[in-house]
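Novice: coords below, sequence missing:
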């Protein structure tokens, strides 16, 4: 029967491993793999126990080691000993497997919670703009070690774009070692020209314009040569040119857009003045846009070839656009849209000339120029499995709006909060370069461990509205209430119950054979066997059997964890973004060892103590 059991266990183990390796799914046999390995090891060891104990007893007897000889001989002579030993090995092995699966699942849930949040505590907020989000977080945490502004967006169902205040990323983000090396802040936030700013007051724009002659109005039939009126037709009247204006675009610290209009412009160079209000402590200059106004009062792009030359812009606090800035062509750029056809730029002689050009589609034509205060293309760090959407002109819709050019400056194995593919970028630079960023994003504030509770009130004072507040512990608790953790807890409880029942069976078997063994040892005592030898035989026999069963069961558990896949899925949704610890782990094995020694060792100690007392009873009878 034992040989048949060995064959069945070996066949079932091979089938479970082959099935799991073939389809990478958990099958019914795969669930039984740890038990099959335990049975295989236990039956093989039990078959070897009796002959091995007999051989040890004979050698000990020849060498004069009486206690060892008596203990080994007793194990070899008892027919039921190997069955109890096999049960003990199986029970300890299943306990070790259950403890290993439970601890691995517990660690995986904690790691998933940390990964999905990205920080110890995450606040999902509402903000007027991304600039306001950054300003409010920096005001609430001037030191930059407790809070960080973050905006998450998606570029497809499996791609996460993570824009962060990169100077705070290392201090606040929960960066796990499995991600790889932490990217340095200057990789995402390289040096860039300083923004140009001004304050409330009167703005003075020094500018000149040149408008191409307006197209002639088409001739009517009466105006055609030889028309109804007869004679030579008079020349058609020229269409009146639309007035030219210059728009200066600015943004407040809270991200609100402010536009100042100058004009209508005359052909000659002149200084135009307009009031600026709403900037508070200051506005950042975004760019300049020459426009015309059609019959409906709507601003439109000037005719191709029209030019505007800017010689300077002065605010209430002093010069804003100086000749040095205007004559530096690297401080200016056209739009970054994929189909945008921007103006021609000429920077010379302390002035910037903007020339409208023709586009194939009217909607693609633009005369707006931007102040360069962020790198373009935008530097990003990607996950190692992510690829750029367009190899020749890689772009990403950073906030769910128009795509902007990007270039990869580093790669890591994974990024916080990402599922499959991820891109990490600097939030401040991304917000500056995105022209039509859209609203498909999630503004968040990540908090580091130990962040004071009062920081939330400071964020609210900065204009943010907190709509969700999650911690890694709360996410872990939510995952703990799902089915797989309950199944693993049941497995652990069942393993403990099985170990207790097996230990009870050990005590019962010892009680059944106790009278006969007590009589034998009492007879040896009558022949001069010392009491200490009786104690050593009793404790060595039962205690040695218990320790051997625990150690062998622990080895079977380690073998099961090494050669089989995890038997129970860890998450109901099949989440597998982060790797799960596989193979035997030191701490779970130590926990199983202590549990086995405590339960099985206590049963062996009880059996040995009762046997010694029984021997004393036989001697006194």
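Specialist: On my side now, so go ahead. Bear in mind the structure is a predicted one, so any value in this text is a computation, not a measurement.

Novice: show me where the stretch 251-400 of the chain has its helices.
Specialist: 323-326 (DSSP state H, counting those that start in this stretch).

Novice: just the buried positions in the one helix or strand residue 548 maps to, please.
Specialist: Assigned by DSSP states H and E, residue 548 belongs to helix 531-563. For helix 531-563, burial by neighbour count (16 or more other Cβ atoms under 10 Å) applies to 533-550, 552-561. Where C-beta positions appear, they are placed from N, C-alpha and C, glycine not excepted.

Novice: got any ranges where the stretch 251-400 of the chain has weak pLDDT?
Specialist: 294-299, 339, 360-364, 388-391 (pLDDT under 70).

Novice: cutoff 90 now
Specialist: Filtered on pLDDT under 90, the stretch 251-400 of the chain yields the residue ranges 252-257, 263-268, 278-282, 292-307, 316-318, 333-345, 347-349, 356-368, 376, 384-400.

Novice: need the contact list for residue 283.
Specialist: Counting by Cβ atoms under 8 Å, 6 or more residues apart in numbering, residue 283 touches 197, 198, 199, 250, 251, 252, 258, 276.

Novice: what's the longest helix in this structure?
Specialist: In terms of residue count, the longest helix belonging to the chain (DSSP state H) is helix 483-526.

Novice: packing partners of that one?
Specialist: In terms of contacts (3 or more Cβ pairs under 8 Å, 6 or more residues apart in numbering; DSSP states H and E), helix 483-526 is packed against helix 81-117, helix 531-563, helix 586-620.

Novice: measure residue 255 to residue 113 for me?
Specialist: Separation of residue 255 from residue 113 (Cβ to Cβ, to the nearest Å): 32 Å.

Novice: settle it for me: which of the two has more neighbours?
Specialist: Under the criterion of other Cβ atoms under 10 Å, the comparison of residue 255 against residue 113 puts residue 113 first, with 21 against 17.

Novice: which SSE is the nearest residue to the more buried one once chain neighbours are set aside in?
Specialist: Spatial nearest neighbour of residue 113, chain neighbours left out: residue 475 (3.7 Å); criterion: Cβ to Cβ, 6 or more residues apart in numbering. Per DSSP H and E: residue 475 is located in helix 472-480.

Novice: need the distance between the two termini of stretch 579-590.
Specialist: Using Cα to Cα, to the nearest Å, the span of stretch 579-590 from its first residue to its last is 23 Å.

Novice: return the set of buried residues in that stretch.
Specialist: Under the neighbour-count criterion of 16+ other Cβ under 10 Å, stretch 579-590 has 581, 584, 585, 588, 589 buried.

Novice: and the pLDDT at the last one?
Specialist: According to the predicted model, the pLDDT of residue 589 comes to 89.

Novice: what does the third one give?
Specialist: Reported pLDDT at residue 585 in the predicted model: 84.

Novice: ok, how many other residues are close to the closest residue to it other than its chain neighbours?
Specialist: With Cβ to Cβ, 6+ apart as the criterion, residue 585 has its nearest non-adjacent residue at 6.1 Å, and that residue is residue 100. When neighbours are counted by other Cβ under 10 Å, residue 100 registers 26.

Novice: from what I can see residue 100 touches residue 561, true?
Specialist: Yes - shown here, residue 100 and residue 561 form a contact pair, counting by Cβ atoms under 8 Å, at 5.3 Å.

Novice: between those two, which contacts overlap?
Specialist: Listed contacts common to residue 100 and residue 561 are 584, 585; contacts here mean Cβ under 8 Å, 6+ apart.

Novice: and for the closest residue to residue 587 other than its chain neighbours, the neighbour number?
Specialist: Closest residue to residue 587 in three dimensions, ignoring its sequence neighbours and counting by Cβ to Cβ, 6+ apart: residue 103, at 6.7 Å. Neighbourhood size, residue 103 [other Cβ under 10 Å]: 19.
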